[in-house]
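Visitor: what's the 3D shape of this:
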Amino acid sequence: MKSDAASSSGPRPRWQKLVAGVGGAALLSTALIGFAHTQAGRPLLALMTGAPGCPAGLDEQDPVRVEAFRIEQLRKHTGSVAAGSHEALGFVLGASLRSDVNRWVEQRSASCEEKRQGSVLRCLDVATDSEGKIADLHFQFDAGQRLVAVDLFWDAGSGERALARYEAATALLHSRVGPSTGHSGTPSARYLEAGYLRRVASEFNYERYVAKVSATNFGSVGVRVREQYQWIPDSRVD
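Guide: Take a look at the predicted model:
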């Protein structure tokens, strides 16, 4: 039986109908993942504060199917102009290999663990040469051991510190990949520090490459900077 509150609240948004009609925790997670990757659900995806990578645990899923889903969803957000490069934390997506990442990790004595049957490498508290510490870092590989996605959170800090890191990352992408194709929020420390979940973000949507850099106020945790990079193969060639 429907409650009075439910019956009197009027038509529900499409995403609420989707979630309400799904039974079981596993199916609910699948529905939320699907919705979060749609255009309407992108704000939800952007604000999920768990580990980098896919917003729900997919460690037990077939990595080939997960990669196919990633490519299918990413194609909806790619642009029509070729990127100047496929930059990602000093690597080149689609060209750098698992062995390149392993060497990088070993040089930094990073603490990492494999997930999703070895197709993902997650590292915590990674020291960098001069840029501070990466709190959480996610590398994803395809069946050919090519690096296809990098997702990371930097240590939290003040709005000023986060803004400086955000601007440095976006400037690097602008110089190597191309101009930003989308922007939201006001790029100022004052704006970021003014309230919980205040956020500034820049997107770079290119033909086979999508990147996003954002800085978000997580309240008592501080302002965190997230960098997300994804690449998809050319279906006509790869």
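Visitor: Who does residue 136 form a beta bridge with?
Guide: Under DSSP bridges, the beta-bridge partners of residue 136 are residue 124, residue 153.
Visitor: repeat for the one 4 residues further on
Guide: With DSSP bridges applied, the residues forming beta bridges to residue 140 are residue 120, residue 149.
Visitor: give the contact list for it.
Guide: 53, 67, 70, 119-120, 147-151 (C-beta atoms under 8 Å, 6 or more residues apart in numbering). All C-beta spots, glycine's among them, are computed from the backbone N, C-alpha and C.
Visitor: Dump those residues to TSV, plus pLDDT and neighbour count.
Guide: Compiled in TSV, the contacts of residue 140 are given as follows (pLDDT from 0 to 100; neighbours: other C-beta atoms under 10 Å):
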residue	pLDDT	neighbour count
53	61	23
67	90	20
70	89	19
119	93	23
120	93	23
147	97	25
148	96	24
149	96	24
150	97	25
151	95	23
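Visitor: which one of those residues sits closest to residue 198?
Guide: residue 151 (21.3 Å; C-beta to C-beta).
Visitor: With just CA atoms, put the helix or strand that contains that closest one into PDB.
Guide: Secondary structure from DSSP states H and E places residue 151 in strand 147-154. The C-alpha trace of strand 147-154 is given here as PDB (Å, rounded to 0.1, in the frame of the first residue of the first chain):
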ATOM      1  CA  LEU A 147      46.200   2.300 -19.400                       C
ATOM      2  CA  VAL A 148      42.700   3.600 -20.300                       C
ATOM      3  CA  ALA A 149      41.700   5.600 -17.200                       C
ATOM      4  CA  VAL A 150      43.200   7.500 -14.300                       C
ATOM      5  CA  ASP A 151      41.200   8.900 -11.500                       C
ATOM      6  CA  LEU A 152      42.600  10.600  -8.400                       C
ATOM      7  CA  PHE A 153      42.000  12.700  -5.300                       C
ATOM      8  CA  TRP A 154      44.700  15.000  -3.900                       C
END
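Visitor: for residue 132, what are its contacts?
Guide: 154-155, 165.
Visitor: scratch that, residue 205 is what I was asking about
Guide: 77-79, 181-182.
Visitor: redo that, cut-off 6 Å
Guide: By C-beta atoms under 6 Å, 6 or more residues apart in numbering, the contact set of residue 205 is 77, 79, 181.
Visitor: One more: residue 213?
Guide: 166, 169-170, 202, 227 are the contacts of residue 213 under C-beta under 6 Å, 6+ apart.
Visitor: export those to a markdown table and tack on neighbour count, pLDDT and distance to residue 86?
Guide: Below are the contacts of residue 213 laid out as a markdown table (neighbours: other C-beta atoms under 10 Å; pLDDT from 0 to 100; distance: C-beta to C-beta, whole Å):
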| residue | neighbour count | pLDDT | distance to residue 86 |
| --- | --- | --- | --- |
| 166 | 26 | 97 | 21 |
| 169 | 22 | 96 | 15 |
| 170 | 23 | 98 | 16 |
| 202 | 23 | 98 | 17 |
| 227 | 24 | 97 | 14 |
